[in-house]
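Peer 1: Just to be clear, the model below is a prediction. Sequence and coordinates:
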Amino acid sequence: MSAAGLTSTGLGYRIPSLGWRILAGALRLIPMVLLLVGLPGALLAFLLAHGIAAPLSILTVTIFGILICAFATARYIGKPTRLYGPLAVATAVVTLLYLRVILAASTYTFSLPNSDFTLTFSYLELIELLLLVPTLAVAAGIVTTIEDLRAERERLPFDFPP
C-alpha cells in the first residue's frame, strides 16, 4: 500500500483502501445530507411556520433523504466489490420511490392565508423527466451486477486506473 492509501493489485489498477473509501464517502455524505435532508426540511418548516401548507411532510423528506444518502454512501464505499451493482440498484430504487411520492403531489395549490389569492401550478412534467435518471440507473446497476457475476474484476481497471 502506498502513502496515498491505494492498494496496487499488480493487474493494472489501484484500489483505494477501505479506510480511504470510508473517509471519502463520509466527506461526500456531509453535503448530500445538507442538500437532501437539511435544505428541504428547512424549506418545508419555513412554509409551515408561515401558514402555508407544504406539498410533502417533513418526515417523508427526511426519511427518503437519509435513505438516499445512506445507500449512495454505501455504493461509493463498495465500488470495488461485487456489492456495487446491488447497492446502485437499491439507491436508484429508493430515488424512484421518492420521486413517485413527489409525483403524487405534483399539482400544488398555493393560497395566501386571509386572502382570496390562489395560485395553482404543476410540476408533473419535470418529475416525469427526472424519473428517467433513476430508471436508467436501475438498468445500469442490473447490468453492473450481471457483469460482476460474469467477470468479477473486469470493470476495475476502468474505475480505478493506475
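Peer 2: Ah, there it is. Residues are numbered from 1 along each chain as shown.

Peer 1: mind listing what residue 143 touches?
Peer 2: Going by C-beta atoms under 8 Å, 6 or more residues apart in numbering, residue 143 touches residue 85. For glycine as for every other residue, the C-beta is placed from the backbone atoms N, C-alpha and C.

Peer 1: what does residue 57 give?
Peer 2: Going by C-beta under 8 Å, 6+ apart, residue 57 touches residue 44.

Peer 1: And residue 78, by the same measure?
Peer 2: 84, 87.

Peer 1: how about 10 Å then?
Peer 2: By C-beta atoms under 10 Å, 6 or more residues apart in numbering, the contact set of residue 78 is 18, 21, 25, 84-88.

Peer 1: Buried among those residues? Need that as a selection in ChimeraX.
Peer 2: To isolate the buried members of the contacts of residue 78 in ChimeraX, using 16 or more other C-beta atoms under 10 Å:
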select :21,25,84,85,86,87,88
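
Peer 1: what's around residue 59, how many residues?
Peer 2: When neighbours are defined as other C-beta atoms under 10 Å, residue 59 has 10 of them.
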